[in-house]
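Engineer: Have a look at this prediction, sequence included:
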Amino acid sequence: MRILLVSQMYPGPRAPELGTFVADLEEGLAARGHELARAVVDTKGERLRHLSLAHDVVTAARRFRPDVVYAHFLVPAGLLAVLGTRAPVVLTAHGQDVANAERSRAVRAATRVAVGRAAAVVAVSNWLRGRLEAAIPEAAGRVEVIDCGVDLRRFAPSPPDEARAAVGWQPDGTAFVCVGALSERKNVLRLARAVEGHGGGSLAFVGDGPLREALAGRPAIRLVGAVPHAEIPRWLNAADVVCQPSLVEPFGLATLEAMACGRSVVATRVGGPPEFVPPGAGVLVDPVDDEAITDGLAAAAALPRPNPDSRAAAERHDVADQVVRIEALLAAAAPGAAGGAGAAAVG
């Protein structure tokens, strides 16, 4: 198949961590012999980035003549895909796009157009599917659940001592790691208080964001800042426990990546993590209950290190398997298209 990838998040030189899950799925489709072109946003904060994306979608569609369009995020990327191309479109909702539709009448109207014209719609969790179908009538009964998966080769267990030496971190007591933005939604202040209340532990925040100053100077806390995605497995393997007690996680990819590294997790009950964190792999917590988070840290710290149950659960979400499911949806949306294209061209 000739597949045009459209996304408002994609890793680029100035934002290598942006939308890495989209790039992984693209790579998987290319490896299966399909020919791909892309129209994507690979920077943050550019004022005209969505206008530029609209131009790129139209230009790429005319030049490449895709059999099918694979679009990530409902609005604006999905809307631009259905309006700017003649090929059938498969849309994937990731979470913030659905939240935007819930809050804004204008975004909801645009989302209804995108979903209504799409050949197929994907959500990355059952929780998100429920939210999407409740907000957008055109989605009802049409949404397939396919998560982004995890690269089990890249995210694999390694000895913590080696990982800590590689990242230059020697934690005092239990090593807790949180990967993600330092934002209110990620619940980082509650997590910091919980680690301080746990006693005998150190917490490394891998990421940056508006709450950095509020976290600075705490004795048990290390602020690592943003790191290239290629370094994330080292930080996960440096942990005894990986924490993501966010107020909401539509899926929770960092949690899944930690599990693939054989690390026990403390994850939020709100959103996707209850769908892939089984008992024994970690602890699910109420994200607004400080005591529950503190207790969850202690319970997760008592689990095996490394944790074979975590790795086994993550193996059920191999990105290669998710690519096969996406491939089937794309093929069904583009009847008559050729299958694998042999040596695929990505770019």
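Structural biologist: Arrived safely.
Engineer: Quick one: low-confidence residue ranges for the stretch 201-347 of the chain.
Structural biologist: In the prediction, the stretch 201-347 of the chain carries residues with pLDDT under 70 at positions 338-347.
Engineer: where exactly do the strands run in it?
Structural biologist: Assigned by DSSP state E, counting those that start in this stretch, the strands in the stretch 201-347 of the chain fall at 201-206, 221-223, 241-244, 264-268, 282-285.
Engineer: Distance to L152 for these - can I get that in JSON lines?
Structural biologist: Bear in mind the C-beta positions are built from the backbone N, C-alpha and C, glycine included. Formatted as JSON lines, the entries for these read as follows, by distance: least, CB to CB, whole Å:
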{"stretch": "strand 201-206", "distance to L152": "20"}
{"stretch": "strand 221-223", "distance to L152": "28"}
{"stretch": "strand 241-244", "distance to L152": "16"}
{"stretch": "strand 264-268", "distance to L152": "16"}
{"stretch": "strand 282-285", "distance to L152": "18"}
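Engineer: Nearest to E27 among these would be which one?
Structural biologist: Within those, the stretch nearest E27 is strand 201-206; the backing value is 23.2 Å (CB to CB).
Engineer: Could you find the closest non-adjacent residue to A313?
Structural biologist: The shortest distance from A313 to any non-neighbouring residue, by CB to CB, 6 or more residues apart in numbering, is to A281 (4.7 Å).
Engineer: As CSV, the strands of the stretch 201-347 of the chain with mean neighbour count and distance to A300 would be great.
Structural biologist: Converted to CSV, the strands of the stretch 201-347 of the chain look like this (neighbours: other CB atoms under 10 Å; distance: least, CB to CB, whole Å):
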stretch, mean neighbour count, distance to A300
strand 201-206, 23, 11
strand 221-223, 17, 18
strand 241-244, 30, 4
strand 264-268, 29, 5
strand 282-285, 26, 5
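Engineer: Among those, which comes closest to V324?
Structural biologist: Proximity to V324, assessed across the strands of the stretch 201-347 of the chain by CB to CB, is greatest for strand 264-268 (26.1 Å).
Engineer: Tell me the strands beside that closest one, with direction?
Structural biologist: Strand partners for strand 264-268, identified by DSSP bridges, are recorded as strand 241-244 (parallel), strand 282-285 (parallel).
Engineer: which residues sit against the last one?
Structural biologist: Strand 282-285 is contacted from outside by 245, 255, 259, 264-269, 273-274, 277, 292-293, 295-296, 299-300, 303, 307, 310, using CB atoms under 8 Å, 6 or more residues apart in numbering.
Engineer: mind listing what R212 touches?
Structural biologist: Under the criterion of CB under 8 Å, 6+ apart, the contact partners of R212 comprise 182, 223.
Engineer: Setting aside sequence neighbours, what's the nearest residue to L53?
Structural biologist: Spatial nearest neighbour of L53, excluding adjacent residues (CB to CB, 6+ apart): V41 at 5.4 Å.
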